[in-house]
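In: I would like the atomic coordinates for the input below:
(2 chains)
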Amino acid sequence: MNVLEILNEDELYRRIPLFWMKPNGNPSSAAFQNSTGTDDMSVDLGRLTTPKKTASAKADCGVASFCASLAKENKQEVLHTPSDKNDAHSSVRGKKTKSIRRELANGSKIIFLAISEFLNDKQI
Amino acid sequence: MTPNSYSDTQQVVFQQPYGIHPDWYILNYGFGVETTEECLVASATEPFKLFDNLTKGTVYLAISDTSSCASVATPETPWFVNSKSAKTLVYQRQLHLPDDLTWISHREAFPPQWTIEEQYDQVFSRVGQLINLPKDWDSYGGNVIEENCIGRAIEILYYLLELRDRAGISVPVPFVAPLSSGGIQIEWEEMERYLELSLLPGSYEVEYFACDRTNAGELSLEGSMESIKNLEGFLLWFIRGEAGDLGRLTFENSYEELIT
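Out: Residues are numbered from 1 along each chain as shown, chains lettered A, B, ... in the order given. Okay, the predicted model is just below:
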């Protein structure tokens, strides 16, 4: 898979387990931490995948979407970092301060809900 | 409005468009008649779930009827569906809505009127569930939640209840979330005002982040505290304070950042 340039208008998908879903339907800022020991937060590049496919990596996960421009405005690099298992894998690289995590949370919207009890796939 | 008149006057459509499980129905509430807005059904529990005490069935609020990638208009907790909103309920077939609408009316609308203790019981229960989260619980390699963090979260929740009993300060129920690092985040949000506490693995300090919008722009305060007794100042600001009061809070190990 070739490494692509991520454009400002690209949508990035982040899996949201139910524990990160607030009662008002918005994601908590807790959902936007870096992976432990790294400066990277994993996301999927929207144009290379679908919300359902992103959610399918884990049961009972929703998907939040935000624009790459939002991350860049918050001092983050956005890089396409495909892996063997996921061509769409990308990284939002940079320190995630609490205020940056809140900005990402506020600028995200939930676009997919997957509640395994009764929904096969429910795209919003 | 009685249930019968509701079902006669609302645009109620049964749909099964999404290939959901055969034991479930979807009910879409369309925009209704021009009546006084009234609550039809509500939940004070989980964001997408209402337990019907009369029929013993479960009703889920799924989404509002929007197109792909539009914002999801899910209500605040307690969530509700009123006569002017477009909402989607998903429920088990045995509820037979709208024939069972006797439990949905503006006077008998649920949620259960939970006391503050019952609401906090739910939060305690949620914190207790975090101890069972396995490695990679977040699908991004998230760590197991550290027991020390769970203990400190419970200590903070008890402190909030004690504050209410001692000083009469009614602290809203916080949202508690696990952190991928193995810690716990406790947060409150009301419009532009936001308060977040972080309990991190390997640390006995409580990190805080608070922000609000002033006329001059957004004001935020970030730092850490060694004692949860300092929480009282934050909580009073959150509940009753003015936006500018945040800039006058002082604790050890804190700094103030004004963002415009």
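
In: Would you map the helices across chain B?
Out: In chain B, the helices defined using DSSP state H lie at B:3-9, B:116-130, B:147-167, B:231-240.

In: Next up, the contacts around residue A:87.
Out: The contact partners of residue A:87, taken as Cβ atoms under 8 Å, 6 or more residues apart in numbering or on different chains, are A:1, A:48, A:49. For every residue, glycine as well, the C-beta is placed using N, CA and C.

In: nearest to chain B, of those?
Out: Minimum distance to chain B across the contacts of residue A:87 is 14.0 Å, recorded for residue A:49 (Cβ to the nearest Cβ).

In: What sits closest to that closest one if chain neighbours are left out?
Out: Using Cβ to Cβ, 6 or more residues apart in numbering or on different chains and skipping the chain neighbours, the partner closest in space to residue A:49 is residue A:88 (3.9 Å).

In: if we can go back for a sec, and the helices of chain B, which is most packed in?
Out: helix B:231-240 (a mean of 18; mean count of other Cβ atoms under 10 Å in any protein chain shown).

In: Residue A:82 reaches residue A:91, doesn't it?
Out: No: assessed by Cβ atoms under 8 Å, residue A:82 is found out of contact with residue A:91, at 10.3 Å.

In: higher neighbour count, those two?
Out: residue A:91 (21 against 16; other Cβ atoms under 10 Å in any protein chain shown).

In: List the residues that contact the more buried one.
Out: A:40, A:41, A:42, A:43, A:77, A:78, A:79, A:81.

In: In which helix or strand does it reside?
Out: Applying DSSP states H and E as the criterion places residue A:91 in strand A:89-93.

In: What pairs with that strand, parallel or antiparallel?
Out: strand A:40-45 (antiparallel), strand A:77-80 (antiparallel) (DSSP bridges).

In: Tell me if I'm right that the residue nearest to residue A:49 and residue A:45 touch.
Out: Yes: here residue A:88 reaches residue A:45: they are 4.7 Å apart, a contact under Cβ under 8 Å.

In: Quick check: neighbours shared by those two?
Out: residue A:13.

In: quick one: which of these two has more around it?
Out: residue A:45 (25 against 22).

In: who's in contact with the more buried one?
Out: Counting by Cβ under 8 Å, 6+ apart, residue A:45 has contacts A:4, A:6, A:10, A:12, A:13, A:80, A:88, A:89, A:90.

In: how much space is there between residue B:130 and residue B:195?
Out: 20 Å (Cβ to Cβ, to the nearest Å).

In: related to what we said a few turns ago, most widely separated two among the contacts of residue A:45?
Out: Farthest apart among these by Cβ to Cβ are A:4 and A:13. That separation is 15.0 Å.

In: Neighbour count: these two, which is higher?
Out: residue A:13 (25 against 16).

In: I'd assumed residue A:42 was in contact with the more buried one.
Out: No: under the criterion of Cβ under 8 Å, residue A:13 makes no contact with residue A:42, lying 10.1 Å away.

In: got the contact list for residue B:213?
Out: Taking Cβ under 8 Å, 6+ apart, one finds B:192, B:193, B:219, B:243 in contact with residue B:213.

In: Quick check: it vs residue B:179, distance?
Out: In terms of Cβ to Cβ, residue B:213 sits 26 Å off from residue B:179.

In: And stretch A:41-55, what's buried?
Out: Neighbour-count burial for stretch A:41-55 flags A:41-46, A:48-51, A:53-55 (criterion: 16 or more other Cβ atoms under 10 Å in any protein chain shown).

In: Output the contacts of residue A:45 in CSV, with pLDDT appended to each entry.
Out: Shown next, in CSV, are the contacts of residue A:45 (pLDDT from 0 to 100):
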residue, pLDDT
A:4, 96
A:6, 97
A:10, 97
A:12, 97
A:13, 96
A:80, 97
A:88, 97
A:89, 97
A:90, 98
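
In: Could you export those residues as a markdown table, including distance to residue B:153?
Out: What follows is these, written out as a markdown table (distance: Cβ to Cβ, whole Å):
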| residue | distance to residue B:153 |
| --- | --- |
| A:4 | 41 |
| A:6 | 36 |
| A:10 | 37 |
| A:12 | 30 |
| A:13 | 29 |
| A:80 | 37 |
| A:88 | 35 |
| A:89 | 32 |
| A:90 | 32 |
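
In: what's the closest of the residues you listed to residue B:248?
Out: residue A:12 (38.2 Å).

In: Let me know the angle separating the strand or helix carrying the closest one from strand A:89-93.
Out: Using DSSP H and E, residue A:12 maps to strand A:11-17. Orientation check (axes from the mean of the first three to the mean of the last three Cα atoms, to 10 degrees): strand A:11-17 against strand A:89-93 gives 90 degrees.

In: partners of strand A:11-17 in the sheet?
Out: If you go by DSSP bridges, strand A:11-17 pairs up with strand A:40-45 (antiparallel), strand A:61-67 (antiparallel).

In: Figure out which of these is closest to residue B:161.
Out: strand A:61-67 (31.0 Å).

In: and that closest one, how far from the chain's centre?
Out: Centroid separation for strand A:61-67 versus its chain: 5 Å, with Cα atoms, centre = their mean, to the nearest Å.

In: Residues in contact with whichever helix or strand comes after that strand: which ones?
Out: For strand A:61-67, the following helix or strand on the C-terminal side (DSSP H and E) is helix A:68-73. Contact with helix A:68-73 is made by A:6-12, A:78, A:92, A:94, A:103-104, A:107, as judged by Cβ under 8 Å, 6+ apart.

In: Drop the exposed ones from the residues you listed and show what's left.
Out: For these, buried by 16+ other Cβ under 10 Å: A:6, A:10, A:11, A:12, A:78, A:92, A:94, A:103, A:104, A:107.

In: Could you pull up the residues touching the fifth one?
Out: In other words, residue A:78. So residue A:78 contacts A:6, A:10, A:12, A:68, A:71, A:72, A:90, A:91, A:92, A:93 (Cβ under 8 Å, 6+ apart).

In: Fine by me, we can end here.
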